[in-house]
Each structure stands twice: as C-alpha cells, then as structure tokens.
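**Student:** I need the structure of the sequence given here:
(3 chains)
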Amino acid sequence: MRKALGRSLGRSLGSAALAVALLTGLAPHAALAAKTDVTIGMPLEPPNLDPTGGAAAAIDEVVYANVFEGLTRIGPDGSVLPALAASWDISDDGLVYTFSLREGVTYHDGTAFDAEDVKFSLDRARAEDSTNAQKALFAAIASVDVVDPLTVKVTLSSPAGNFLFNMGWGDAVIVASESAADNATNPIGTGPFKFVNWVKGDHVELGRNPDYWGEPAQLEKATFKFISDPTAAFAAMMAEDLDAYPNFPAPETLSQFEADARFAVVIGSTEGETILAINNGRAPFDDIKVRQALAHAVDRQAVIDGAMFGYGTPIGTHFAPHHPAYVDLTGQYSYDPEKAKALLAEAGHGDGLTVSLKLPPPSYARRGGEIIAQQLAAVGVTAEIANLEWAQWIAEPFKGKDYDLTIVSHTEPMDIGIYARDDYYFDYHSDAFKAIMEELNNTTDPARRTELFQDAQRQIADDAVNVFLFELAKAGVWNAKLKGLWANSPVQANDLTGAYWED
Amino acid sequence: MSTEPLTDLPRQEHGRWRAHHLSLIIGAAITLGVIAIALLSLVWTPHDPNPTPLPIAERLKPPAGAHWFGTDIYGRDVLSMIMVGARNSILVALVAVGIGVGIGVPLGLFAAARRGWLDDFIMRVNDLVFAFPALLLAIMITALLGPGAINAIIAIGIFNIPVFARVTRGAALSLWTREYVLAARVAGKGSALISIEHILPNVLNILVVQATIQFSLGILAEAALSYVGLGTQPPMSSWGRMLSESQTMFAFAPHVAIFPGLAIVVTVLGLNLLGDGLRDMLDPRLRRERSAQ
Amino acid sequence: MGSFVAQRFVSLSATLLAASIVIFVVMEVLPGDPAAYMLGLNADPAAVAALREQLGLNEPVLQRYLNWVGGFFVGDFGLSYTYRVPVRELIADRLWVSVPLALMALALAIIIAFPVGIIAAAKRNSIVDAVIMGATQLGIAIPNFWFAMLLVLAFSVGLRWFSAGGFPGWDAGILVGMKSLVLPAVALALPQASILARVMRSALLDTLHEDFIRTARAKGLSSGQAIRHHAVRNALIPVMTIIGLQFSFLLAGAIIIENVFFLPGLGRLIFQAIAQRDLIVVKSVVLLLVAAVVIVNFTVDLAYAAIDPRLRRRAP
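**Tutor:** Next up is the predicted model:
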C-alpha cells in the first residue's frame, strides 16, 4: 500500500509514506496498571520556578509545598502548620521569634539545610536590591540571627500579628545560598518532589524525592501541563490527557463533568474577592452617591449566575466569607435599579453617564463585564468595554490609575490592608480606615483582631469604595480515582504531598 | 481520438465561460444576500441582540421556535447577533479595503508615472510590509494600538495598501507604453492628468477584482483577530468573537459555534466566487484570449 | 549573474535592516512594563526598579538597539525576561515543533493537492472538475481555527483517536510526537491544499497550450496521459513557488492553530510573549520570521534567474 501510493504520486512525495504510517500505525494506549504518576492541568505557565523572584501565582502552583518549603506552611484549611521549623517560641512582647529547625533535612542537590540557609533566605528577600514581589512580608524583620545550626532568632521592629502566616507564603520559602541563583530554571528545594524537567510552553515534570525528611510522597511522578484555553482544557480532561485540573477555567462545562462518572467535581473556596473596582480619585466617582448608585445597580447574583454559572458566594465587602471574622454586608447595597437612578440624579447625573470598563483576560472579568455593562445601561450608565491583556491592565488601570471601572479578583489571602495604601489603584484615602489598620498591625489578641477586621470591612462598605461582587469559587475537576488533592485554595498551591490513586 | 485536440480547446473555453458565469451569479447572490441582511439588521432583528439586562435564564437554548439559531451564553438571540455581526464584518473589511484603495492606488499610479527613486522607495516600503507575515503584523498593530474594531481596520488596511499599490503599478506600467498614452503625453498633458484620465479607467477592472479578494480576506482577518480577542470589542457582535466565546460550549451547545462559523464560510465563499467570476468577466487578458478564439 | 545576486542581496539586507528598526521601535512604544508584569499586583516599587535594572531596561535606547542587532550576528539574542533563559534556546525549542508542523502540513497539502489538481485538469469542465473546484473554494473559505475546533470535537472529544492538543516532546518518541501534530497539520493543510490544487490545475491548463503538449496529443496520447507524462513536470515551477511561500506562511501562520491545540511552537511563543511583554523574545522571533520570508523570496528569485536569464535584466 505504501509502495503503490508512493509510486503513483512520484518520487517527490516520499513524505506521503510517512504520513500514511502515521495515520495507521498509531501507538496503542499503555495498559492500565496502578498509576503512580499524575498529570495536573494549569491555566498559566509559570514564567520561572523561583517563588522568591516573581509574583506569578503559577510559580507557587507548581513548586509550593512540592519543591520548596518555608519555616511554616499553610494547611488546606488556611491554618499555619510547622514545616522546616518544627516549633517556635514567641517572646512576650511579640518581637522575638525563636524557630527550632528540623534535623536531617537536605536539599535536592544533597547539600544540608541549616540555620544559615534561613538567615540567607530572609536577608536576601528583604535586601535593598531584592526582587521579591512580596517584600512587604519581610518589612517587619529587624534582624535574623543564627543561634546554632538548628536554631534561628528573628527579631521584629514592631509586633506583626500574622508574621507566622506570612512566613508560610511561597515568597518566603527557604532556599540554599549555593543554588538560589539558578532556582528560576533549576529549582532546588527541600520538598517531597524534585524538579526533573521543563518543556517550555508545555509542561513541568517533578519526581519523588526519596530522601524527604517527612513522610514521602505517594506519587512517583507529577507533571504540570499548561493549558490556558478553556476549550483545550475541557477537551484534554475529557480525553483523559489530564488527571486533574484543580482550577477549572470554564464553569459552563462543569455540568458535563458532573454527569460523567469518570470525573469528580469539587467546589471549594479561594481567597479571591472579585470586585468591580472604582477609580475613587476621578470624577464623578469621587462622589460617594455615584459609587453607591453603582453598587445598587449591580445584580451580584445575576453576575454569578451569568459569568460563573452559579459558582461563587456574594460578598458585601473585601473579605473571604469562610473566614471567622467575616461580616455579611451583602444587604447594605441590595440590587435596586430605581434607587441607583435616584442616587445618580441626586449626584447630578440624571441624564446619564459614560464610563470606561477595562477588563483583564480571565473569564470572570470578561463575562462579568458584559453582564455588568448591560446592568449599568439599565440605570443610564454607558460602560464602554475595553478588553486588555494582563500586561496592559497592569500598566493602565493598576499602575497608571487610568480607568473608571475594572473587574479583578484579589486572590492574596487577608489582603484588606490594600485599602490603606495611598498609591493603590482605587485611589481611596480614609484616615479612619488607616487608623483601624494601624491598630490591627500592633494587636496580637485574637478577639480584638477579629473586631478590628470587622470594623475595617464595615468602613470600606460604608464608603462604597468598590462594588464587591463575589468570592471566587475554586472549581476542581479530577479523575474520580485520584484522592488527596486540596478542595480549597487558602494559598495558590497544588500540594501533591498527600495525593494518591485509589485501588 | 487523434482528432480530439481540434475540437477540444474551443469547447473547453466555451464551457469555462459558462462555469464562471455561474460562479459570478452564485457569488453575487450570496454577497448581495449578506449585505442585505447586514442592512436589515440596522432596522430590524428578530430580537434585541443585546438586551438590558441580559436574559441569563434564557441561556443556551437550542434552535427552536422563537430563536431559530438558539440563544448564547447570556441568553441573547444568536440569529440577531449574526445579523449584527454581518454588519460589523462587512464594515471592517470594507473600510480596510477603502484604506488600501485610497492610499495604495494613488501610490501605485504615482510610482508608475514617475519611476526613478521614488518608485524604488515605494516598492521597497511595500517589500517591507510584505516581509511581515500578515496575521503577525495585525497582531502587532493591535497590541500596539489596543484591541478594537477601529484598530483592526487599521491593521488590515495597512496590509491592503501595498497589495493595491503593487497591482496598480504593475498594470499602469504596461499602459504607459501604449500609443494613446504616448499621444496624450505628446499633446502636453501632465502625468497626473494622464494617470487619472487614461491609466485609472483602464486599471479599474483589475482593481475591482482585487478589491473583492481583499474584501474576503478582510472578513477572514477580522474573524481571526476577534477570535484571539484583538478585534471587535463587546457589546458589538462579531462572528470571530462569537466563535471564541462559544468554544467551550461546543460539546453540549454546538449551535452557538456552528452558526457563526457557517456565516463566515458562506460570506467568504460568496465573495471568492464573485471574485473569480468577475476576474473572468473583467480581466482584459482573459477577455482577449477569449475573443481571439 | 554575480551583480544580480549582489543587487538582490543588498536589497535583502536593506529590508531586514528596515524591519529590525520598525520592530524595535514598535516594541519600545508598546504599553506595559515587563518588570511590573513579572512582579504582579502587590509588587514593591523598589523591587520593580531593581528588576528593571537587572533586565537592562534602563540603558539608553540606541545602546539597546545596537546590543540587540549586534547580538543577532553572533547568535546571541539575549535573555528572555520571563523565562530567564537565552532567547536562542527558547526559539530553538519552538522550532522543533513549528518546523515539523509546517512540513507535515505542507506534505499533507501536497498529497491532497497534486492528485486533486491533476484530476481537475484532466477532467476539466466536467462535473468532477466543478465539484473539485467548488470544494477548494469551500476549503479556502473555512477559517482554519473553526475547522480545528470541529476536528477536536470529532476526533478528540468524540472518537478519542487523538489527544486534544499539547506536545509530549520528541523524547516521548517520534511517532508519539508526530501523532500530536496530526490534527493541527490537517487544520493548517486544508486551505493550503485548496490553494495548491487550484494553482496546480491552472498551471497544468496553461501548459496545455504549449507546443510540446500539442505535439504529444497529436502523437495520440490522451489528455490525461499528456498531463501525467509531460505537463506535470512543467507545471511544477509555478507550483514550487507557491509551496515556498506557503512554508514561510505556515511557519508564522500557525499562531492561531498552535493556540487552539496548545502546541509549544513559535506562534504561541510570540503570542504569549506579547501578552507577557517579554519584548526581547517578541523582537527576535518577529525578526526571524521576517528573515525567513525575505530569504525564501530571495532564493526563489535566484532560482528563477538561474532558470531564466532574461529575468536577471529585469531586476530593479
């Protein structure tokens, strides 16, 4: 067959034979044995693999808890757990943290882990020329001292209530001075998985670390595959090219997976407060009546239904609903187009307004934007939509404050403090709010901290700083036989330490 | 069998003429139909293509009853959106052709009339634009200017300029050697006047054919740019964006992806058939050949 | 011939130089700071400034242009802002996907187009010809990304013959690698095959007027035999020109298809790099693609001149 075809078309078509071989001789599927590897889908490829040198969530999603570990780590429920620090003591004034480190920990390249590495990592992160994206996490540190190889003393300049939580961030992982410079392309950590290979544009492969200090991972191999296109992600899951997609980008397809016994769909929570951000510094939004009008004009539930197919929890302030200190303020600005029109008229915009609505790429923003634009149109506000890429979004609304309205999800945990930043893109300035934050930073008593958090939530809701939409849900889709993945997303991570295949 | 060659060619040419007559008719019919639908959408669509607020409860209804082509993810009527999308596609492609004709044709006429370094320069700039893969150029321009229908028009239009300049120049160059042009020149007419009075009317046929081709390429380019999110922005309907928005729903609501795709195929097919037919009818070279037989 | 080559070479270099300036200027004015993008929403301004310094973004414009172009001559395209690896490596990796994909698509297009074009020419003006020409019109009119979606739906989600996309790497085996390129190659090949079939048909019909075909027919060969034995060889010259152009088009034109199938090729690299403001990568890849187009044209010019000496004098 091959010969005949080749001859009839002439010698120049020898490649035909190749294609025929290709079409007929496809490699058979591997026999189904007990799986010890897993392929995880992720929307974005990390730009590099050094969590201390970039902000991209995708970095943490690959390496956090798998390759790199910090002094502490954040558990699946958002609690602070010991990691490289087995235990710690806090001085009575809350200024001195003494960490006792684990014994017998080695990096993947065989070098030993000790207190010098902790000092190196923390000093590097807070140094003048540091490119750590979350430098603020280390701002409270006054000095780091090595007491002995297994003891480190960290002295703070002022008490920081969430210092231990901060040390659990991906940006605060402990790296070795020998390998730190190359971590971007060849990450060397202490975690249960070692870096194996990175096919740029396609996947990162990790392998089990047999010398792990704790309980070793059950999987031998983990591959993170980068598929940003929701269609492609859907097709790849359906074709079982992927075993799991922990943060599935197309909520409209979840019902397909739910109906299919091969898959499990797990809806969890994230730390992503999705907001319609308002440029408070720009007219007419410097008028609180206009901001309140916007809040009344938006039907949150319709946005959740329309953009997220019902997945998401409405919020009335910038705080995660699953947090104990959360106050439900969704009733403060109920969906009321008539009231919105009245408020606009009071503010002198009875004959309508035209505003810009700049949308970053995620579907919650693009879809939410289309729905909100039509809701605003119903009260006489014409929103001109501009779809931006991330780089442009960061340059225009975020850095340049060049926008009227935008939609974005703030996914950092416990980030209500951004409302106290003077140069932040909301352009919101409130002495009352800053006072609350100031007190919060100096308070360690849990009960008082809760009160202060609640005051802060009420303050920004009263000022109608932004239109608070919903808490982003984490829609995970995975093979029904794959167990031990995180349902919730207290930090952006895919901790595979406990993952395993059933039967 | 050996006598076949004698009757073969004339019959072939005759049949060919008929075949292209047919493609001209079909192409013109489709094109006029699409234009009519686009114009109709200005005054009437079966439903509001963008109701306020969006009827989300009506989402993803399969084609039936009130919604012939079903509804999309926000409950909008797909047929109405396709009608408005036709208007958008035609407008973008048409203005982009207009840019190409408006700038490219004078450049081509000028280059042919003057020759010399200016001609060289114009042609080198043309080479430069052609050296960029078309879609890449469009993506770079829209990345630079920001996404949007107007910038998509500019991106597609810029690529049309050298196309028309080159076609015009090529045809005009051969005309400049004709006797009647030389006669006009001897009579003291300036080259600008000659270009307008004698050259332009004689290159019009070729330009009409080229414009049809660029029109259909423009429709495809707009769809591609909108598909990757760099073209027409919401709330304006666009076939390319309808496709990208409906991709994830292809498996369980195929109507949202099939109808806009078919709209593109039918429109481009119509324009290509029209272009083929026009070329056979208008191209002087082919006509000469035909009359020689 | 020597002066002709020299002339064409000067013109090629001038085009590339002009292209490099245009590309550089466009990248300079593109809104968005790569350092700010890399460090994200809550980045410390001091960290962004430190990163800008580290990436060499604070050097004078002319200096950076010269560094870039100078680097091109020694094969050093600089360090990718986002990936922090040499751009050359990044491009080389991607070429291993894009070139095989383009070759496969081209091979498929040729396999389809040659017989189809020959049959259409042999059976010209019959129903078969009309059907084939109608089908090629359809092939040109179908947007390849839409066709790609249909392919994924049918062969990945439906029949599960092929994976929905992605590229396992050549390490996984040549057949496995090629299998993952089949659907994208088919999607890319359809319009190219349609164009090529039409070119083939009309090139064949053109040669039918030539004397040697008339002679062959007079000697008693049927139309089909004459085409197979004599015309195909002569029609190959225009067809080869189109194939040359299609290859450089396929190399760059796969941007959208690579996105649909999430293939780590040049097209997706450039798309991602624009979105992430990895401008150093964008600059180099665009210039490389431009160079590919210009060099293919140059080669075709030379080949023509070698075949037909009259063309040398026509050179500008």
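
**Student:** look at the residue of the stretch 1-150 of chain A found nearest chain C and give its secondary structure.
**Tutor:** Closest approach between the stretch 1-150 of chain A and chain C, counting by C-beta to the nearest C-beta: A:A55, at 2.6 Å. C-beta: built from backbone N, CA, C; applies to glycine. Look at A:A55: counting by DSSP: H, G, I helix; E, B strand; the rest coil, its state is coil.

**Student:** what mean pLDDT does stretch C:121-140 get?
**Tutor:** Throughout stretch C:121-140, pLDDT has a mean value of 88.

**Student:** how about it: buried residues?
**Tutor:** C:121-125, C:129-130, C:132-133, C:136-140 (16 or more other C-beta atoms under 10 Å in any protein chain shown).

**Student:** of those residues, which are in range of chain B?
**Tutor:** C:R124, C:N125, C:A130, C:M133, C:Q137, C:L138, C:I140 (C-beta under 8 Å from any C-beta of the partner chain).

**Student:** could you check how far the residue lying closest to A:E439 once chain neighbours are set aside is from A:I315?
**Tutor:** Nearest residue to A:E439, sequence neighbours excluded (C-beta to C-beta, 6 or more residues apart in numbering or on different chains): A:L452, at 5.9 Å. For A:L452, the distance to A:I315 (C-beta to C-beta, to the nearest Å) stands at 19 Å.

**Student:** now A:N479
**Tutor:** 32 Å.

**Student:** the more surrounded of the two?
**Tutor:** Using other C-beta atoms under 10 Å in any protein chain shown as the criterion, A:N479 and A:I315 rank with A:I315 on top: 23 against 20.

**Student:** give me the distance between that one and chain C.
**Tutor:** Separation of A:I315 from chain C (C-beta to the nearest C-beta, to the nearest Å): 19 Å.

**Student:** list the contacts of the spatially closest residue to that residue that is not a sequence neighbour.
**Tutor:** Nearest in space to A:I315, with sequence neighbours left out and distances taken as C-beta to C-beta, 6+ apart, is A:F468 at 4.8 Å. By C-beta atoms under 8 Å, 6 or more residues apart in numbering or on different chains, the contact set of A:F468 is A:E273, A:I275, A:I315, A:G316, A:T317, A:H318, A:L329, A:A461.

**Student:** does A:F99 lie in a helix or a strand, and which?
**Tutor:** Element membership for A:F99 (DSSP states H and E) is strand A:96-101.

**Student:** so what does that strand touch, helix or strand wise?
**Tutor:** Under the contact definition 3 or more C-beta pairs under 8 Å, 6 or more residues apart in numbering or on different chains; DSSP states H and E, strand A:96-101 sits against strand A:85-90, helix A:115-126, strand A:151-156.

**Student:** repeat that for 6 Å
**Tutor:** Helices and strands touching strand A:96-101, by 3 or more C-beta pairs under 6 Å, 6 or more residues apart in numbering or on different chains; DSSP states H and E, are strand A:85-90, strand A:151-156.

**Student:** helix, strand or coil for the residue nearest to A:I315?
**Tutor:** Look at A:F468: counting by three-state DSSP, its state is strand.

**Student:** run through the bridge partners of it.
**Tutor:** When assigned by DSSP bridges, A:F468 has beta-bridge partners A:I275.

**Student:** please tell me how far it sits from B:V97.
**Tutor:** In terms of C-beta to C-beta, A:F468 sits 47 Å off from B:V97.

**Student:** circling back: out of the ones next to chain B among the buried residues of stretch C:121-140, which one sits closest to A:N197?
**Tutor:** Using C-beta to C-beta, C:I140 comes nearest to A:N197 of these, at 41.2 Å.

**Student:** look up how far chain A lies from that closest one.
**Tutor:** Separation of C:I140 from chain A (C-beta to the nearest C-beta) stands at 22 Å.

**Student:** okay, and that residue sits in which element?
**Tutor:** helix C:127-141.

**Student:** tell me what that helix is packed against?
**Tutor:** In terms of contacts (3+ C-beta pairs under 6 Å, 6+ apart), helix C:127-141 is packed against helix B:255-282, helix C:87-122, helix C:174-208.

**Student:** do the shortest one and chain C come into contact?
**Tutor:** Yes: applying C-beta under 6 Å from any C-beta of the partner chain, one finds that helix B:255-282 is in contact with chain C at B:G261, B:I264, B:V265, B:V268, B:L269, B:N272.

**Student:** now a ChimeraX select for only the buried ones of those.
**Tutor:** Buried residues among the residues of helix B:255-282 next to chain C (16+ other C-beta under 10 Å), as a ChimeraX selection:
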select /B:261,264,265,268,269,272
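
**Student:** need the residues of helix B:255-282 next to chain C in TSV (columns: distance to A:A493).
**Tutor:** As requested, the residues of helix B:255-282 next to chain C are exported to TSV (distance: C-beta to C-beta, whole Å):
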residue	distance to A:A493
B:G261	39
B:I264	42
B:V265	45
B:V268	47
B:L269	50
B:N272	52
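
**Student:** between which two of the residues of helix B:255-282 next to chain C is the distance greatest?
**Tutor:** Pairwise distances among the residues of helix B:255-282 next to chain C were taken by C-beta to C-beta; the largest, 16.4 Å, belongs to B:G261 and B:N272.

**Student:** what lies in contact with the longest helix anywhere in chain A?
**Tutor:** Longest helix of chain A, by residue count under DSSP state H: helix A:446-462. With C-beta atoms under 6 Å, 6 or more residues apart in numbering or on different chains as the test, helix A:446-462 has contacts from A:161, A:316-319, A:325, A:327, A:329, A:332, A:416, A:419, A:432-433, A:436, A:439-440, A:443.

**Student:** buried subset of these?
**Tutor:** Buried members of the contacts of helix A:446-462, counted by 16+ other C-beta under 10 Å: A:161, A:316-319, A:325, A:327, A:329, A:332, A:416, A:419, A:433, A:436, A:440, A:443.

**Student:** residues near the residue in the stretch 401-503 of chain A positioned nearest to chain C, how many?
**Tutor:** Residue nearest to chain C within the stretch 401-503 of chain A: A:E412 (6.2 Å; C-beta to the nearest C-beta). Per other C-beta under 10 Å, the neighbour tally for A:E412 reads 19.
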